[in-house]
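Student: whatever this is, show me its structure:
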Amino acid sequence: MKTLTNEVGASSRRLIYGLGMAAVALGAALVVTGCNNSGSTPAANSTAANSAAESAAKTGDHGDAAHDVETHPHTTKIEFSTKSGAPTGGAEDVWTIKVLDAESGAPVGDFEVVHDKLMHLIVVKKDLSWFNHLHPKHEGNGVFTVAATLPSGGDFKLYADYTPKGGEQEVAPHELSVEGISPIGSKLVAVKATGAWLTKKVIAHPEGEPQAKGGATYEVALMPMPAKLEVGKDAMLHFQVRDAKGQPIKDLQPYLGAMGHAVILSEDTKSFLHSHPMAEGEEHDMSKMGDDKMDMSKMKESAPPKSGGPDVMFHTNFPTAGLYKAWGQFMHKGKIITAPFVLNVGAASGGAAKAGDDGHVDPPGSAPHAH
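Tutor: Numbering: from 1, shown residues only. Okay, the predicted model is just below:
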């Protein structure tokens, strides 16, 4: 089995990972910048490239600003392989992810449980037309396995999220070429709001099976706050889950220890944010988010997470301008509701925080960050 090494470095990829922390008002963010050099895994030859490839994972720390990953220890790397050796669209395969010490190559044996799991694996098609959230099983000695079926051929991107025991949370990206026909995805276009809300009809599905049919229909609404999102400015994504007739669902179930999850990717897949909702008792003060047209009455109606819904809110901060795709995930009657939305993030206006070339975001009025 041929092994190809993909080193992670800030020069060619930036990976942003934001995690809302329940203990801090408006949430905190774990932010990681790095890269996955896909040059050694060409799409034209998926058989050898996908048999085994290593992606280095770099860590960030818990805080409100982005950090250059080069200033943090490079503690682990992953080795990815498939049972088939040549992943094919529509065919079930078994993936193996080995987490290794970056220096010695020894297996990392123990991991922290984060949101009920030892590893979260986000999988998207690179045109962002398809999304899945999987949870590989730890077989021991740093080896994780998961059965997975990709919907078509084409280029996909994986984000493995794990926390070594006693260490920092890490996110390792890996690019995967899949054999088979790859339908041309539609170009990302920001959704137009109906009033203050963006709305989407979706079908519920079993966990990890987004292609499954026959589930109940839901309407999911999203109110970005402020309505005009900007680089470096704190924002709130206010989701409301409704039934097919538009009536709010008040008995949402906790999903992975929270009332919902939101994964956000930039159009080029270089910026990745994984956010969890504000926890019960956190302040919902939106007065500083710079939108005097914000519908504050909706905030008053919003129930804090773990109350059963229908409202679930996520705090986030976008590192760069451009289009993003956000997937909100919720659970109702044992099935997963996944709702995608395309968002447009504008350039920073006067007084807003700005992202530098290294991905660091300096809050308004702060001194420049030194690396």
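
Student: C-alpha only now, for contacts and for neighbours.
Tutor: Will do.

Student: quick one, strands of the stretch 1-150 of the chain?
Tutor: 4-6, 29-30, 53-59, 62-63, 76-82, 92-101, 119-125, 131-134, 137-140, 143-149 (DSSP state E, counting those that start in this stretch).

Student: the ones you listed into CSV, with extra columns for mean neighbour count?
Tutor: Formatted as CSV, the strands of the stretch 1-150 of the chain follow (neighbours: other C-alpha atoms under 10 Å):
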stretch, mean neighbour count
strand 4-6, 20
strand 29-30, 26
strand 53-59, 28
strand 62-63, 17
strand 76-82, 24
strand 92-101, 20
strand 119-125, 21
strand 131-134, 20
strand 137-140, 15
strand 143-149, 18
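
Student: mind checking which of the ones you listed is nearest residue 225?
Tutor: For these, distance to residue 225 was read as C-alpha to C-alpha. The smallest value, 17.8 Å, belongs to strand 29-30.

Student: about what we covered before: let's have the strands of the stretch 1-150 of the chain in TSV, adding distance to residue 171.
Tutor: As requested, these are exported to TSV (distance: least, C-alpha to C-alpha, whole Å):
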stretch	distance to residue 171
strand 4-6	14
strand 29-30	10
strand 53-59	6
strand 62-63	13
strand 76-82	10
strand 92-101	11
strand 119-125	9
strand 131-134	14
strand 137-140	16
strand 143-149	15
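
Student: of those, which is nearest residue 183?
Tutor: Closest approach to residue 183 among these is made by strand 119-125 (11.0 Å; C-alpha to C-alpha).

Student: let me see the mean pLDDT of that closest one.
Tutor: Strand 119-125 shows an average pLDDT of 97 in the prediction.

Student: re earlier: figure out which of the strands of the stretch 1-150 of the chain is closest to residue 208.
Tutor: Comparing those by C-alpha to C-alpha, strand 131-134 comes nearest, at 5.5 Å.

Student: between the strands of the stretch 1-150 of the chain, which gets nearest to residue 341?
Tutor: Nearest to residue 341, of all those, is strand 131-134, at 12.1 Å by C-alpha to C-alpha.

Student: give the rounded mean pLDDT of the closest one.
Tutor: Strand 131-134 comes out at a mean pLDDT of 97.

Student: stretch 95-115 now?
Tutor: The average pLDDT within stretch 95-115 is 95.

Student: in contact with residue 242, which residues?
Tutor: Residues in contact with residue 242 (C-alpha atoms under 8 Å, 6 or more residues apart in numbering) are 218-221, 248-249, 310.

Student: repeat the analysis, applying 7 Å as the threshold.
Tutor: The contact partners of residue 242, by C-alpha atoms under 7 Å, 6 or more residues apart in numbering, come to 218-220, 248-249.

Student: same thing with residue 267?
Tutor: Contacts for residue 267 (C-alpha under 7 Å, 6+ apart) come out as 323-324.

Student: can you report how many residues neighbour the closest residue in space to residue 251 that isn't next to it in sequence?
Tutor: Leaving aside its chain neighbours, residue 251 sits nearest to residue 308 (4.4 Å; criterion: C-alpha to C-alpha, 6 or more residues apart in numbering). Around residue 308 there are 17 other residues, counting by other C-alpha atoms under 10 Å.

Student: got the contact list for the nearest residue to residue 166 once chain neighbours are set aside?
Tutor: The shortest distance from residue 166 to any non-neighbouring residue, by C-alpha to C-alpha, 6+ apart, is to residue 112 (7.5 Å). Shown in contact with residue 112 (C-alpha under 7 Å, 6+ apart): 118, 163-165.

Student: and with 10 Å instead?
Tutor: Contacts of residue 112 were listed using C-alpha atoms under 10 Å, 6 or more residues apart in numbering, and they are 118-119, 162-169.

Student: what do you get for residue 96?
Tutor: Applying C-alpha under 10 Å, 6+ apart to residue 96 gives the contacts 52, 78-83, 136-139, 143-147.

Student: return the member of those nearest to residue 254.
Tutor: Taking C-alpha to C-alpha as the measure, residue 254 lies nearest residue 136 of these, at 19.8 Å.
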